[in-house]
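Student: When you get a sec, could you give me coordinates for this:
(2 chains)
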Amino acid sequence: MLKEDLKVWLERISKLSLIRISSEEEEIILNDMKKIIEFFNTINSLDLSNVEPLFMVLKDEPVVRDDEVGESLSVDEVLKNVKEVEGGFIKGPKTA
Amino acid sequence: MSNLDIKIGLEVHTQITSLKTKLFCSCPSDYRGKPPNTNVCPVCLGLPGALPVVNIEAIRAALMVALALKCEISDVLVFTRKHYFYPDLPKNYQISQYDGPGSIPIAKNGYIVIGVDGGLKKVRIRRINIEEDPGKIVYPTGSLLTSKYTLIDYNRSGIALLEIVSEPDLRSPKEARAFIDKLRSILEHLGLVNTELEGALRVDANISLAGGSRVEIKNISSAKDVERALTYEIIRQSKALETGEKVRRETRHWDAIRKVTVPLRVKEFEEDYRYFPDPDLPPVKISLKLIEEIYQKLPELPDQRIERFIKTYGLSDYLATVLVSEKVLADYFEECVKYCGNPEIIGNIVVNDFKRWVDEMDIEVSKAVKILTPNQLCQLVYMLNNNIINIKILKEIIPKVLKYNKDVNTIVYEENYIDISNEEVLMRIIDEVIKENPKAVKDALINPKAVNYLVGQVMKKTRGRANPELTNKLIIKKLKELSGTP
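Tutor: Presented below is the predicted three-dimensional model:
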């Protein structure tokens, strides 16, 4: 991937994740990304046409839970870190 | 509307209300009516370090639905993170499922059969996802459009949802409604969803007309409103197309109070949710043994029940279909029949009178069956069969019972509804009617059809209590005497 393409990609990703990136940070991230892509290009050069992709290992015993009610938090605890509360509700931004 | 080449696809979100807890944590699932933010824990608030663990019963429920909708079932359950920013979503991603690299929905490629204009139609199901419900946003002004901020209650956050997506096989608002009604009945028969609970079933509808673009309508909460919202969109879009205006690709919001759709945002490209498999949730193997076990335990489903109603009770296709369209209604019918037989009479009363009035008065069927109980309805049928009341009176009594929540017997006796089959009493009234309507009598002597008018007059005088058949017979007899023919 060219550096110019990477810049477009970074702008898009920063917009999607709502993270503002300064120009110094941009330089660092682009350099890191170039290294990462080069690394993946090495992996890509392997012939894996006969290998099933694996994303996560399937466990023998499933990690599940029974449908049994447990403790919830007290409302004081829930609202402890909340900036603005109105009638027990958490105040949030306007939505569209 | 058929020449517009309409394509409709639906996304139905249904809560699995039979579960006791949320999808990934042990908070209770009955969040309704609780003070805001009192039904939450670190997991459903998305606090750092909290780990979700899937509810085994939610998996079973999803498999039941997948089997009932004749889907292909995945051999592994994988959860995927879907990222977007909205105040009701505490983690900034929703744990959902996805059809893409490393991800697969729990079920794909099924179908539902719906009744359309007397025929049957197969509507394809694209996929079923298991996912978590977001929190609930309350708008301080009551409207999304005019509120300057939002109020958030996370009590609903993490409730188990199934997202059931159809292919764009539907061709009219009526078909869309039939699809939702059928799906709802299936979910009720499986015992998984109480669809009468507010917000238990929500629909997004995609609609496009030939020459236009795909428009998504969000926030529709009943089958009736799906029909309304789609009808509104068809009129709006076809008008735009007629005048050469462009139909934009956009998301619109259904305003159930004003009965219009309003634009929310223009879709320039497919939203980028940056899906990836959730590393917090190890995949769960779905064994053939589990699927078989659930298949063996599937209860009777709507299509089988309709067939049984036709076979066992001799009902018409129409009556059986309407009864089974709502599980409570079908259960009510069967309970009445168990109590006092007469399936055909009861089927007709339940569909044509009971259901009609329940809809008109906007009462929930589950409440109405507790007012006009099977015992009460059977008493009416008994009185009808023993000529204590006639069918016309029976039809009048049903809305009164529903409205005033009064005992059937009390109404019959208090309002003096008992059928008049006494010939002497009837003859006296008939004589009066004949005296008061000389012109009608003349007509009736020439035209036998005009007799109905005289019967009507007798009914009026007796407030419907006269036995119609006997009255008819007696009037004809009287007219014959008058005209001198034996």
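Student: Report the distance from stretch B:97-104 to the chain centre.
Tutor: 32 Å (Cα atoms, centre = their mean, to the nearest Å).
Student: what bits of chain B have low per-residue confidence?
Tutor: B:1-3, B:266-271, B:485-486 (pLDDT under 70).
Student: domain parsing for it?
Tutor: Here the domain assignment for chain B is B:6-293, B:302-414, B:423-483, based on automatic domain parsing.
Student: Format these as a markdown table; extra columns: mean neighbour count and distance to chain A.
Tutor: Where you see a C-beta, it was placed from the backbone N, CA and C, and this is true even at glycine. Compiled in a markdown table, the domains of chain B are given as follows (neighbours: other Cβ atoms under 10 Å in any protein chain shown; distance: least, Cβ to the nearest Cβ, whole Å):
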| stretch | mean neighbour count | distance to chain A |
| --- | --- | --- |
| domain B:6-293 | 19 | 3 |
| domain B:302-414 | 18 | 22 |
| domain B:423-483 | 16 | 54 |
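Student: Using TSV, please lay out those together with distance to A:K59.
Tutor: Listed next are the domains of chain B as TSV, based on distance: least, Cβ to Cβ, whole Å:
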stretch	distance to A:K59
domain B:6-293	6
domain B:302-414	37
domain B:423-483	72
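Student: Out of these, flag the one nearest A:I43.
Tutor: domain B:6-293 (15.0 Å; Cβ to Cβ).
Student: Please put the alpha-carbon coordinates of the helix ranked longest in chain A into CSV.
Tutor: What stands out as the longest helix in chain A, according to DSSP state H, is helix A:23-44. Extracted C-alpha coordinates of helix A:23-44, given in CSV (Å, rounded to 0.1, in the frame of the first residue of the first chain):
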residue,chain,number,x,y,z
SER,A,23,0.2,15.3,12.6
GLU,A,24,3.1,14.0,14.7
GLU,A,25,0.9,11.0,15.7
GLU,A,26,0.0,10.5,12.1
GLU,A,27,3.6,10.2,11.1
ILE,A,28,4.2,7.5,13.8
ILE,A,29,1.1,5.6,13.0
LEU,A,30,1.8,5.6,9.2
ASN,A,31,5.4,4.3,9.8
ASP,A,32,4.0,1.5,12.1
MET,A,33,1.3,0.6,9.6
LYS,A,34,3.9,0.3,6.8
LYS,A,35,5.9,-2.2,8.9
ILE,A,36,2.7,-4.1,9.8
ILE,A,37,1.7,-4.3,6.1
GLU,A,38,5.1,-5.5,5.1
PHE,A,39,4.9,-8.2,7.7
PHE,A,40,1.5,-9.3,6.4
ASN,A,41,2.8,-9.3,2.9
THR,A,42,5.4,-11.8,4.0
ILE,A,43,2.6,-14.0,5.4
ASN,A,44,0.6,-13.5,2.2
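Student: That one and chain B in contact?
Tutor: No. Helix A:23-44 stays clear of chain B (Cβ under 8 Å from any Cβ of the partner chain), getting no nearer than 14.1 Å.
Student: Pull up the pairing partners for the helix or strand following that helix, direction included.
Tutor: Using DSSP states H and E, the helix or strand that follows helix A:23-44 in sequence is strand A:64-65. Strand pairing for strand A:64-65, determined by DSSP bridges: strand B:54-55 (parallel).
Student: quick one: the strand it pairs with to chain centroid distance?
Tutor: Worked out by Cα atoms, centre = their mean, strand B:54-55 lies 29 Å from the chain centre.
Student: again, but for stretch B:92-101
Tutor: 30 Å.
Student: what does that stretch rub up against?
Tutor: A:53, A:55, B:23-24, B:46, B:52, B:78-85, B:103-106, B:108, B:127, B:129-132, B:134, B:163, B:275, B:278, B:281 (Cβ atoms under 8 Å, 6 or more residues apart in numbering or on different chains).
Student: what's the angle between the helix or strand bottoming out on mean pLDDT in chain A and helix A:23-44?
Tutor: When each helix and strand of chain A is scored by mean pLDDT, DSSP states H and E, helix A:3-16 comes last, with a mean of 85. If you take axes from the mean of the first three to the mean of the last three Cα atoms, to 10 degrees, helix A:3-16 sits at 110 degrees to helix A:23-44.
Student: Just the CA trace of helix A:3-16, in PDB.
Tutor: What follows is helix A:3-16, C-alpha atoms only, in PDB (Å, rounded to 0.1, in the frame of the first residue of the first chain):
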ATOM      1  CA  LYS A   3       1.800   6.100   1.700                       C
ATOM      2  CA  GLU A   4      -0.800   8.300   0.100                       C
ATOM      3  CA  ASP A   5      -3.400   5.400   0.300                       C
ATOM      4  CA  LEU A   6      -2.400   4.800   3.900                       C
ATOM      5  CA  LYS A   7      -3.200   8.500   4.600                       C
ATOM      6  CA  VAL A   8      -6.700   8.200   3.200                       C
ATOM      7  CA  TRP A   9      -7.200   5.000   5.200                       C
ATOM      8  CA  LEU A  10      -6.000   6.700   8.400                       C
ATOM      9  CA  GLU A  11      -8.400   9.600   7.900                       C
ATOM     10  CA  ARG A  12     -11.300   7.200   7.400                       C
ATOM     11  CA  ILE A  13     -10.400   5.100  10.400                       C
ATOM     12  CA  SER A  14      -9.900   8.200  12.600                       C
ATOM     13  CA  LYS A  15     -13.300   9.500  11.500                       C
ATOM     14  CA  LEU A  16     -15.000   6.100  12.200                       C
END
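Student: anything in it near chain B?
Tutor: Yes. Against chain B, helix A:3-16 shows contacts by Cβ under 8 Å from any Cβ at A:R12, A:L16.
Student: So which other helices or strands are in contact with that helix?
Tutor: helix A:23-44 (3 or more Cβ pairs under 8 Å, 6 or more residues apart in numbering or on different chains; DSSP states H and E).
Student: Now do the buried residues in the helix it packs on.
Tutor: A:M33 (16 or more other Cβ atoms under 10 Å in any protein chain shown).
Student: Summarise which helices and strands that helix is packed against.
Tutor: Counting by 3+ Cβ pairs under 8 Å, 6+ apart, helix A:23-44 packs on helix A:3-16.
Student: Check what contacts the helix it packs on and list those residues.
Tutor: Residues contacting helix A:3-16 (Cβ under 8 Å, 6+ apart): A:M1, A:R20, A:I21, A:E26, A:I29, A:L30, A:M33, A:K34, B:H83, B:D272, B:R274.
Student: And the closest residue to the fourth one other than its chain neighbours, how far from B:N155?
Tutor: Once flanking residues are discounted, A:E26 sits nearest to A:L10: 6.5 Å by Cβ to Cβ, 6 or more residues apart in numbering or on different chains. Using Cβ to Cβ, to the nearest Å, one obtains 38 Å as the distance from A:L10 to B:N155.
Student: Check B:I235 too.
Tutor: Distance from B:I235 to B:N155, by Cβ to Cβ: 38 Å.
Student: Give the partner strands of the longest strand that chain B contains in its sheet and their orientations.
Tutor: Ranked by residue count under DSSP state E, the longest strand found in chain B is strand B:119-132. Strand pairing for strand B:119-132, using DSSP bridges, gives strand B:107-116 (antiparallel), strand B:160-166 (antiparallel).
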